[in-house]
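S.K.: my questions concern the predicted model and sequence given below.
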Amino acid sequence: MGSRENPASLEETRYEALLEASKAVANQPDVLAVLYSISLLLRVVPFDSVALLLFSQGDEKVRVYSFRDEDRSSGSDVSITVQFGSTSLAQALEKQQPVLILDGRSEIEMIPELADRLKIREGRSSYVFPVSSSQRKLGLLVFGVEPGHQFSATDVEIMSSAASHISTVLENALALEATESYRRQLEHQRNELQHDRDRFELLLEINNHIIKHLGVGELVRAASTSIRGYLKNDVTGFWLFDEGTKDLRCLGLDFPGSRGFLEESLFTANVITDVDVRNIEARKPKIWTPEQMNALPAPVAQALNAESIVSLAGVPLTGSTGPLGFITIGSREENAFSRTDVDLIVQVANQISLALENALAYGRLNLSYSRLEDARQYLESEIQSQYNFEDIVGKSSVLKKVLEQASIVAQTDSTVLLTGETGTGKELVARAIHNLSRRRERTFVRMNCSAIPHGLIESELFGHEKGAFTGALAQRRGRFELADQGSLFLDEIGDIDLELQPKLLRVLQEREFERLGSNRTMKVDVRLIAATRRDLPEMVREREFREDLFYRLNVFPIHIPPLRERKEDIPLLVHYFVGMHARKMEKTIRNVPRDVMDGILRWDWPGNVRELQNFIERSVILTRGTTLDAPISELSRRALPREEAESTLFATERDAVLKALLASQGRISGPGGAAERLGLKRTTLQRKMERLKISKSDYVLPRKPQ
């Protein structure tokens with residue numbers, strides 16, 4: 001690249017160009033800009049290519065930058081590992097002196113790593129200058145020329161000046177680069193420290209929630225708020241296994257930006273497989289794709305789609321005894337959760353799992369306490385009520401047979417059906433069965449079905465939720481819940497409506513039911529003892545009682561005989577009731593006159609033991625001395641014979657139905673119909689009409705001739 005111009009003028013021009021290039025290099029802000037500015041040297045020195053081999057501080061790699069005359073605006077930046085060996089490059093680097101290489105091709109081939117990068121043609125010469133600072137060796141500056149070029153002293157001086165100037169500028173740029181790298185490292189460490197501090201604060205918050213909130217609902221609400229504050233997620237869900245099943249029950253879904261916190265029991269999921277259970281036991285988190293989210297249970301998928309949730313991650317909750325459930329976090333942004341986020345939720349889940357176990361135990365304890373409190377209040381009300389008698393009194397053979405049957409069936413959990421007239425002591429036998437059974441340490445709950453309005457029987461049996469119907473101001477447990485693990489005595493079961501009988505049948509067969517106003521199935525273990533004064537087989541024939549329910553109740557029937565069939569027990573009962581009522585009234589009665597006892601024995605006692613007890617109580621009230629003064633004259637007014645009484649009842653009932661039919665002009669149902677007038681259902685009235693043998697001709701008057 002020689003010139004025909006005046007040598008002095010040419011040299012001056014070259015030095016001016018060198019000065020211009022040096023200024024351009026010096027003004028570059030960083031190492032990369034400095035290296036690309038080296039291409040300006042191609043205007044200063046008579047070479048067609050320039051390369052810089054720059055050592056990376058702290059390792060053995062070399063950054064290679066090369067620029068060619070044919071494309072001075074571009075350069076390559078490659079970081080490679082180079083072994084210089086015994087080459088001229090190694091000599092220039094070691095002695096820190098320029099080295100002339102006459103055949104750069106043969107020289108560079110000794111270093112294969114550079115041969116592919118620099119691509120020096122055969123016969124090409126190179127001049128190598130060391131680039132160093134006062135602190136360390138920075139690298140080598142290599143100028144390449146065409147074959148046959150003669151190096152002048154000016155060329156060497158200019159190249160040496162360029163190398164020296166580049167050394168100074170590179171040292172400053174590298175220092176700035178190191179400073180910037182250190183600043184970025186500090187910034188990264190500061191961000192990591194802030195991140196770690198935020199994680200620690202989240203875990204600390206969760207720990208505080210564990211300490212403060214014993215209830216499950218309060219715990220999941222507080223934990224949801226803390227998780228959202230850290231992850232900025234759009235939904236948090238807490239799912240819990242139902243005991244004894246693989247179903248997941250939602251403790252709550254928190255949509256803070258829209259729907260808020262959706263309470264327990266709105267969602268249930270029964271799609272948990274054995275693989276899912278094993279993954280939960282292994283504490284394996286899960287990330288759902290949008291397609292997998294659509295396969296979630298319909299109510300959950302619909303709720304997530306409605307909120308545009310496209311990212312969902314789940315972390316298992318595992319306790320000391322096995323899987324507890326899941327925490328799920330969702331976001332409206334795609335791929336919103338990193339592995340670090342999931343790992344953090346795993347730590348949160350570990351804390352919540354322990355708290356959840358404690359909260360569930362606390363809930364079970366609270367439930368047990370609540371049940372015990374309900375049972376205590378029920379038993380107190382029972383104690384305050386008047387029992388017909390406190391023990392079974394009698395020695396007749398028929399009574400002994402009843403007690404023998406009761407003792408046999410008491411050892412089982414079979415359903416017992418007690419039949420007999422009113423006042424025969426069916427409840428007392430039911431209590432005896434309970435007291436002889438293995439359930440005797442648990443509650444004996446009773447309910448008289450005929451004493452409760454038909455519309456309230458279902459609530460009394462199964463309980464109700466708050467707001468289930470008008471007047472349901474609070475949640476209430478039914479008799480089946482109160483009797484769990486114990487015995488339930490349903491007196492006058494024949495008075496239960498046909499509509500309610502299927503629900504009763506279900507709880508007897510499946511041992512499960514739902515409270516009014518709830519869709520959550522509850523399981524109970526109750527031994528049922530039923531009683532009735534009515535003829536259930538006849539009611540089945542009249543379609544007033546379900547046949548399948550009758551067979552379910554009639555597993556072990558026991559008939560309680562009326563008092564008139566065990567008259568030998570009457571003297572014992574008389575003395576028993578006299579002593580009981582005399583103590584209550586603070587009287588002393590030592591004698592029952594023979595004529596009084598004879599009069600009592602002559603009476604049939606249609607009201608059975610209850611009638612006898614009331615008669616003795618009235619006698620004790622009238623007695624002023626130590627001898628019982630009983631109003632035997634009251635018993636002289638004999639009742640109608642039983643057959644005559646039944647006939648009179650039949651006629652009275654038939655007459656009442658006919659009057660209603662005539663008043664309604666023969667209409668059975670509808671407003672003002674006979675069924676409405678009698679307070680009966682249409683089907684019930686029609687069955688009564690069949691039983692009472694009432695035909696249309698009995699109540700439809702013939703039309704008068706026109």
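M.R.: Sure thing, it's come through.
S.K.: could you use CA atoms for every contact and neighbour count after this?
M.R.: OK.
S.K.: how would you label the nearest residue to residue 240 once chain neighbours are set aside: helix, strand or coil?
M.R.: With sequence-adjacent residues excluded and distances taken as C-alpha to C-alpha, 6 or more residues apart in numbering, residue 240 is closest to residue 325, at 4.2 Å. Classification of residue 325 by DSSP: H, G, I helix; E, B strand; the rest coil places it in strand.
S.K.: now residue 342
M.R.: helix.
S.K.: quick one: it from residue 91, how far?
M.R.: 56 Å (C-alpha to C-alpha, to the nearest Å).
S.K.: equivalent analysis for residue 678, please.
M.R.: 124 Å.
S.K.: before we move on, what about residue 576?
M.R.: 129 Å.
S.K.: now do the contacts for the spatially closest residue to residue 432 that is not a sequence neighbour.
M.R.: Spatial nearest neighbour of residue 432, excluding adjacent residues (C-alpha to C-alpha, 6+ apart): residue 406 at 7.4 Å. By C-alpha atoms under 8 Å, 6 or more residues apart in numbering, the contact set of residue 406 is 429, 432-433, 558.
S.K.: can you pick the most crowded of the residues you listed?
M.R.: Neighbour counts for these, by other C-alpha atoms under 10 Å, peak at residue 433, which reaches 25 neighbours.
S.K.: give me the neighbour count for residue 474.
M.R.: Residues near residue 474, counting by other C-alpha under 10 Å: 10.
S.K.: these two touch, right, it and residue 468?
M.R.: No: Residue 474 sits out of contact with residue 468 when judged by C-alpha atoms under 8 Å, with a separation of 9.2 Å.
S.K.: who's more crowded, residue 678 and residue 91?
M.R.: residue 91 (17 against 14).
S.K.: surely residue 313 touches residue 335?
M.R.: No: when contacts are counted by C-alpha under 8 Å, residue 313 is not listed as touching residue 335 (9.9 Å).
S.K.: low-confidence bits of the stretch 201-350 of the chain, can you list those?
M.R.: Scanning the stretch 201-350 of the chain for pLDDT under 70 picks out 209-211, 213-216, 242-247, 257-283, 297.
S.K.: which residue ranges of it form helices?
M.R.: Here the stretch 201-350 of the chain has its helices, by DSSP state H, counting those that start in this stretch, at 216-231, 274-281, 290-294, 298-306, 339-384.
S.K.: following the last one, which helix or strand comes up?
M.R.: Elements were assigned by DSSP states H and E; along the chain past helix 339-384, the next helix or strand is helix 397-410.
S.K.: residues of that following helix that come out buried?
M.R.: Burial within helix 397-410, assessed by neighbour count using 16 or more other C-alpha atoms under 10 Å, is assigned to 398-399, 403, 405-407, 409-410.
S.K.: which pLDDT value does the model give residue 129?
M.R.: Note on residue 129: pLDDT of 87.
S.K.: doesn't it belong to a helix?
M.R.: No: assessed with three-state DSSP, residue 129 is strand; it does not lie in a helix.
S.K.: OK, contacts around it?
M.R.: 92, 96-99, 140-142, 159-160, 163.
S.K.: which residues touch the residue nearest to it when sequence neighbours are not counted?
M.R.: Nearest residue to residue 129, sequence neighbours excluded (C-alpha to C-alpha, 6+ apart): residue 98, at 4.5 Å. By C-alpha under 8 Å, 6+ apart, the residues touching residue 98 are 92, 127-130.
S.K.: check residue 237 too.
M.R.: Per C-alpha under 8 Å, 6+ apart, neighbours of residue 237: 224, 250-254, 326-329.
S.K.: determine which two of the contacts of residue 406 are furthest apart.
M.R.: 432 and 558 (12.9 Å; C-alpha to C-alpha).
S.K.: among the contacts of residue 406, which are in helices?
M.R.: Mapping those onto helices (DSSP state H) picks out 429, 432-433.
S.K.: quick check, nearest of these to residue 697?
M.R.: Within the ones in helices among the contacts of residue 406, the smallest distance to residue 697 is 48.0 Å, found for residue 429 (C-alpha to C-alpha).
S.K.: which residues touch that closest one?
M.R.: By C-alpha under 8 Å, 6+ apart, residue 429 lies in contact with 392, 403, 406.
S.K.: and for residue 697?
M.R.: Per C-alpha under 8 Å, 6+ apart, neighbours of residue 697: none.
S.K.: ok, it to residue 662 distance?
M.R.: The value you get for residue 697 to residue 662, if C-alpha to C-alpha is used, is 11 Å.
S.K.: what of residue 405?
M.R.: As judged by C-alpha to C-alpha, residue 405 and residue 662 stand 50 Å apart.
S.K.: do the same with residue 226
M.R.: From residue 226 across to residue 662, the span is 74 Å (C-alpha to C-alpha).
S.K.: so which of these two has more stuff around it?
M.R.: residue 226 (19 against 16).
S.K.: find the residue closest to the more buried one in space, skipping its chain neighbours.
M.R.: Nearest residue to residue 226 in three dimensions, chain neighbours excluded: residue 202, at 6.5 Å (C-alpha to C-alpha, 6+ apart).
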